[in-house]
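> Predicted structure and sequence below. I'll ask about it afterward.
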Amino acid sequence: MASALMATLKVSAGVAVTYHRNDSNGSFSVDITATRGRSDLTLEDGALVLQVQTSDWIVEAADLVLNDVVIVPQRNDYITLVISPTVTEKYQIFEVPYRPCDPAGRVLRIHTTKTE
C-alpha cells in the first residue's frame, strides 16, 4: 500500500531534490523525488515548550542511498531544491530528523527548516 501511494505522490506532487551528507568519510549526495509537506512540532525541554512548523519532505526510505549504503536522515544533513538556474533553496534536517509514514518505515517524513 505504501509503495503504491508513494508512486502516485511522486508522479502527481513530487519534486526533484538532492539529499546531502557531509561527515568524516566525505561529502555524499543523491538525487531523489520528494513530496513537500509541513508539520507542527512541539519540543519540550524542562519548563520550556517550543512550537515549531517544519518544512517536510516525504520520501521512499530506499531512495536514500549514500556511498552505496541506505541511510536514515540525521541532523546536519540537508536537502537542496533548485528553483531556477540562479536560485537554490537549502533545507537543514531538523532536530527531530524524521518519522516513518507507514508501519514498515518504507516511507519517511523528513523534518527540515529552510536556511537559504
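Perfect, I can see it now.

> going forward, measure contacts and count neighbours with C-alpha atoms only.
Fine.

> Count the residues that sit near S27.
11 (other CA atoms under 10 Å).

> ok so it is a strand residue?
Yes: counting by DSSP: H, G, I helix; E, B strand; the rest coil, S27 falls inside a strand.

> my read: it touches H20, true?
Yes: using CA atoms under 8 Å, S27 is in contact with H20, at 7.4 Å.

> need the contact list for V65.
V30, I71 (CA atoms under 8 Å, 6 or more residues apart in numbering).

> what's the spacing between it and L48?
Separation of V65 from L48 (CA to CA, to the nearest Å) stands at 37 Å.

> got it, and N25?
According to CA to CA, N25 and L48 sit 36 Å apart.

> Check V70 too.
35 Å.

> Have a look at these two and say which one is more surrounded.
Legend: neighbour count by other CA under 10 Å for V70 and L48, higher for V70 (11 against 7).

> Please name the nearest non-neighbouring residue to the more buried one.
Of all residues not flanking V70 in the chain, L64 sits nearest, at 5.6 Å (CA to CA, 6 or more residues apart in numbering).
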